[in-house]
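Peer 1: Kindly return the folded structure for what I paste below:
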Amino acid sequence: MNATVSMLTAQQRHYLSSNAPFYYMPDTVVPSFPDHYLSLAAPVIAYWITATSFHVLDISGWRWLDKYRIHESSEVKSRNLVTVGGVIKAVIFQQVIQTVLGLWWLDGAVSGDDVDHVGHMANLLPLLSSIMHAALGQSLAKQLLKDHAAELLYAVYWWVVPVVKLFLGMFIIDTWQYFLHRAMHMNTYLYKKLHSVHHRLYVPYAFGALYNHPIEGFLLDTVGAVLAESVVCMSVREAMLLFVISSVKTVDDHCGYSLPWDPLQMLTGNTADYHDIHHQVIGIKSNFAQPFFVHWDVILGTRMTREDIVARRRRLQPSEDKKAE
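Peer 2: This is a model prediction of the structure:
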């Protein structure tokens with residue numbers, strides 16, 4: 001028994017070892033399929049399920065969808081510089097590379113009951129104690145820890161820490177992708193050699209979310225994901241959840257629809273419409289943020305909205321009228 005576990009009473013250790021949240025699975029998430037393999041497969045599966053769902057909308061012919069389309073369906077064929085087949089091949093190639101690298105990176109990772117959860121919870125006790133003493137005072141903190149240490153550790157370990165890790169992972173991915181994405185637009189060489197491939201999709205659609213030059217795909221997506229997982233010290237399942245959300249969000253950002261009931265478009269300003277502006281000539285040096293939030297665009301002045309576009313065109317109209325005269 002390690003030193004921190006010995007700080008807990010027998011009753012507390014029993015509580016921590018015999019209770020788990022509803023989402024916890026003691027074995028693998030999918031029976032007989034290791035979690036570290038699933039963490040690589042799940043984002044790929046989520047990507048194609050989400051992209052296919054939007055593709056069904058594209059080919060449905062449902063007229064009621066027209067008011068939610070950012071572009072007419074005909075624009076995809078007439079304005080994009082790459083075929084759908086070419087896009088799909090490039091995406092699959094990138095996902096194969098990510099999977100092969102992931103197999104090497106995650107080899108030997110453990111999850112479920114193979115993890116010493118009680119030991120990890122006990123390791124949080126000194127930090128939790130320090131925070132409570134600073135925030136609540138010595139007397140109250142001491143009494144709460146005496147009466148409810150196990151419950152507090154349980155709540156922090158199974159709920160607070162995973163949520164904080166998820167949002168911190170999102171922040172790291174957003175930060176990495178914003179500055180690298182912006183650099184690829186500001187540096188002529190990087191844009192021509194790498195990022196211009198993605199901008200062959202003048203009119204984005206779901207299947208093209210990961211359509212990139214292979215080197216860009218590795219740097220932007222693969223390295224960003226590894227950084228987030230490593231810096232935050234995510235477990236296999238925490239990383240799996242982050243990668244699935246990231247994949248679905250990336251597809252949603254390129255779906256071509258502004259849907260009022262889409263939860264991902266309701267929760268953040270970084271929507272399909274927001275990213276579509278970036279794919280247009282007028283916004284190509286704006287809206288670099290992806291895939292989750294827009295804070296870096298706001299802070300660094302690179303955010304552009306539809307209202308900004310209207311205002312800019314109004315400012316340019318007098319000079320265009322003079323030229324016409």
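Peer 1: Next, find the distance separating residue 160 from residue 110.
Peer 2: The gap separating residue 160 from residue 110 is 22 Å, by Cβ to Cβ, to the nearest Å. Quick note: C-beta positions are derived from backbone N, CA and C, even for glycine.
Peer 1: now swap in residue 84 and tell me
Peer 2: Distance, residue 84 to residue 110, using Cβ to Cβ: 41 Å.
Peer 1: and if you look at residue 230?
Peer 2: 16 Å.
Peer 1: Hmm, residue 34 and residue 28 touching each other?
Peer 2: Yes: between residue 28 and residue 34 there is a contact at 6.1 Å, judged by Cβ atoms under 8 Å.
Peer 1: And the next helix or strand past the helix or strand bottoming out on mean pLDDT in the chain?
Peer 2: Least confident helix or strand, the chain: helix 73-79 with a mean of 64, by mean pLDDT, DSSP states H and E. Towards the C-terminus, the helix or strand next in line after helix 73-79, according to DSSP states H and E, is helix 84-105.
Peer 1: Contacts only, for the spatially most central residue of the chain.
Peer 2: Central residue of the chain (Cα atoms, centre = their mean): residue 246, 2.8 Å from the mean position. For residue 246, the contacting residues are 43, 170, 173, 225, 291, 292, taking Cβ atoms under 8 Å, 6 or more residues apart in numbering as the criterion.
Peer 1: want to throw the residues you listed into CSV with pLDDT and neighbour count?
Peer 2: As requested, those are arranged in CSV below (pLDDT from 0 to 100; neighbours: other Cβ atoms under 10 Å):
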residue, pLDDT, neighbour count
43, 95, 27
170, 97, 20
173, 97, 25
225, 91, 24
291, 93, 25
292, 95, 22
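Peer 1: Return the closest of these with respect to residue 185.
Peer 2: The closest of these to residue 185 turns out to be residue 291 (Cβ to Cβ; 16.5 Å).
Peer 1: Residue 177 is in contact with the closest one, correct?
Peer 2: Yes: with contact taken as Cβ under 8 Å, residue 291 and residue 177 are classed as touching, separated by 7.0 Å.
Peer 1: What about the spatially closest residue to residue 197 that is not a sequence neighbour, how many residues nearby?
Peer 2: Of all residues beyond its chain neighbours, the one nearest residue 197 is residue 213 (4.3 Å), with distances taken as Cβ to Cβ, 6 or more residues apart in numbering. Counted by other Cβ atoms under 10 Å, the residues lying close to residue 213 total 19.
Peer 1: In the protein, mark out all the strands, start to finish.
Peer 2: Ranges of strands in the chain, per DSSP state E: none exist.
Peer 1: where does it have low pLDDT?
Peer 2: 1-4, 73-78, 107-108, 316-325 (pLDDT under 70).
Peer 1: One more pass at 50, please.
Peer 2: Scanning the chain with the threshold set as pLDDT under 50 gives 321, 324.
Peer 1: which residues touch residue 255?
Peer 2: For residue 255, the residues meeting the contact criterion (Cβ under 8 Å, 6+ apart) are 54, 204, 205, 206, 272.
Peer 1: my bad, residue 34
Peer 2: Applying Cβ under 8 Å, 6+ apart to residue 34 gives the contacts residue 28.
Peer 1: Now it. Its backbone dihedrals?
Peer 2: The phi and psi torsions at residue 34 (degrees, to the nearest 10) take the values phi -50, psi 140.
Peer 1: That one and residue 283, how far apart?
Peer 2: On the measure of Cβ to Cβ, residue 34 and residue 283 end up 43 Å apart.
Peer 1: need the contact list for residue 202.
Peer 2: 79, 80, 81, 279, 280.
Peer 1: which one of those residues sits closest to residue 101?
Peer 2: Taking Cβ to Cβ as the measure, residue 101 lies nearest residue 279 of the contacts of residue 202, at 27.9 Å.
Peer 1: ok, that closest one touching residue 199?
Peer 2: Yes: Residue 279 sits in contact with residue 199 when judged by Cβ under 8 Å, with a separation of 6.7 Å.
Peer 1: For these two, indicate the residue with more neighbours.
Peer 2: Neighbour tally, residue 279 and residue 199, criterion other Cβ under 10 Å: the higher count belongs to residue 279, 20 against 16.
Peer 1: what about residue 247, how many neighbours?
Peer 2: For residue 247, which is what you asked about, the neighbour count (other Cβ under 10 Å) is 26.
Peer 1: and it, what is it in contact with?
Peer 2: Contacts for residue 247 were tallied using Cβ under 8 Å, 6+ apart; they are 43, 44, 46, 47, 50.
Peer 1: Not counting sequence-adjacent ones, nearest residue to the second one?
Peer 2: Residue nearest to residue 44 in three dimensions, not counting chain neighbours: residue 95, with 5.2 Å by Cβ to Cβ, 6+ apart.
Peer 1: That neighbour and residue 41, how far apart?
Peer 2: Residue 95 is 10 Å from residue 41, by Cβ to Cβ.
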